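Visitor: Give the three-dimensional model of this entry:
(one chain, ligands or ions: 2)
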Amino acid sequence: MAATILLSAIAFAEAQDEEPMKAEKIVNTTCTACHDLRPIQTQALDAGNWKKIVTSMIEKGAQVEEKDVPILVGYLADNFGPLPDGDGKPILLNKCTNCHDLKRVRQHFASPEEWADTLNSMENEGLKLSEEEFAILLKYLARNFRQ
Ligand code: HEC
Ligand code: HEC
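Guide: Ligands and ions are numbered 1, 2, ... in the order given. Here you go, the predicted model:
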């Protein structure tokens with residue numbers, strides 16, 4: 001009895017892990033048949049709006065199976081989900097998605113001082129920001145992603 005429960009728990013956990021992996025594969029293969037990842041990385045949309053994009057891409061010819069649409073939409077909303085409005089948003093979308101996805105940023109909450117340190121360390125990694133962009137972005141992050 002216990003073993004059966006354990007086994008089905010494992011099977012459930014595996015199915016849970018497989019969906020994002022499958023969706024990631026679709027994004028990296030099917031969704032890059034006509035353009036690179038940039039248009040995907042530079043949107044920040046909720047599931048409803050990702051659904052609209054996926055539908056419109058299928059109309060354009062993207063080979064996504066109907067049954068994979070919900071998995072794909074869930075993955076897109078999770079990894080390229082909505083961001084609060086503000087002057088910093090376009091800078092964040094354009095500059096911070098070159099080395100890692102925005103999930104990394106959205107899950108990070110810090111004080112203004114810590115955000116300034118993070119931006120400095122991103123600059124050491126190779127991020128290019130003007131002084132003005134730095135100030136706008138810092139304000140945006142400190143306000144919306146505050147610890
Ligand atoms: C058959 C070619 C094709 C495939 C495959 C494709 N796209 Fe596109 N995609 C386009 C074209 C063409 C545009 C530019 C649309 C425009 O300028 O009106 C675009 C633009 C976009 C945009 C920018 C927003 C917009 O509506 O213009 C996003 C986001 C996007 N695609 C996501 C995806 C995703 C996610 C997938 C995989 C499900 C995908 N695309 C697969 C052709 C494709
Ligand atoms: C030139 C590449 C690059 C760019 C551009 C970049 N990052 Fe990073 N970022 C990294 C690397 C590499 C790491 C991982 C460092 C590590 O794992 O120790 C990282 C990690 C992070 C983390 C996690 C830090 C932690 O302590 O867990 C945050 C938050 C972050 N970046 C925010 C940003 C923001 C905000 C921007 C845009 C202003 C940005 N990054 C742009 C390279 C970059």
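Visitor: where does this protein come near ligand 1, residue by residue?
Guide: Contact residues (C-beta under 6 Å from any ligand atom) of the chain with ligand 1: 30-31, 33-35, 39-40, 43, 53-54, 56-57, 60-62, 64. For glycine as for every other residue, the C-beta is placed from the backbone atoms N, C-alpha and C.
Visitor: Show the buried residues in the residues you listed.
Guide: 30, 31, 40, 43, 53, 54, 57, 62, 64 (16 or more other C-beta atoms under 10 Å).
Visitor: part of a strand, is the fourth one?
Guide: Just to be clear, that refers to residue 43. No - membership of residue 43 in a strand is not supported by DSSP: H, G, I helix; E, B strand; the rest coil, which gives coil.
Visitor: tell me the contacts of it?
Guide: 49, 53, 80, 93 (C-beta atoms under 8 Å, 6 or more residues apart in numbering).
Visitor: what helix or strand is the first one on?
Guide: Right, residue 49. helix 47-60 (DSSP states H and E).
Visitor: Does anything pack onto the next helix or strand after that helix? Which helices or strands?
Guide: The first helix or strand that comes after helix 47-60 along the chain, using DSSP H and E, is helix 69-79. Under the contact criterion of 3 or more C-beta pairs under 8 Å, 6 or more residues apart in numbering; DSSP states H and E, helix 69-79 touches helix 2-29, helix 47-60.
Visitor: Out of the ones you listed, which gets the lowest mean score?
Guide: Ranked by mean pLDDT, the helices and strands packed on helix 69-79 bottom out at helix 2-29, which scores a mean of 76.
Visitor: Residue ranges of each domain in this protein, please.
Guide: 2-79, 88-144 (automatic domain parsing).
Visitor: got the CA coordinates for the helix holding residue 49 in PDB?
Guide: Presented in PDB, the C-alpha positions along helix 47-60 are these (Å, rounded to 0.1, in the frame of the first residue of the first chain):
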ATOM      1  CA  ALA A  47      -1.300  33.400 -19.700                       C
ATOM      2  CA  GLY A  48      -4.300  34.900 -21.500                       C
ATOM      3  CA  ASN A  49      -2.000  37.100 -23.700                       C
ATOM      4  CA  TRP A  50       0.500  34.200 -24.300                       C
ATOM      5  CA  LYS A  51      -2.500  32.100 -25.400                       C
ATOM      6  CA  LYS A  52      -3.300  34.800 -28.000                       C
ATOM      7  CA  ILE A  53       0.300  34.900 -29.200                       C
ATOM      8  CA  VAL A  54       0.500  31.100 -29.500                       C
ATOM      9  CA  THR A  55      -2.700  31.000 -31.400                       C
ATOM     10  CA  SER A  56      -1.500  33.700 -33.800                       C
ATOM     11  CA  MET A  57       1.800  31.900 -34.300                       C
ATOM     12  CA  ILE A  58      -0.100  28.700 -35.100                       C
ATOM     13  CA  GLU A  59      -2.000  30.600 -37.700                       C
ATOM     14  CA  LYS A  60       1.300  31.800 -39.200                       C
END
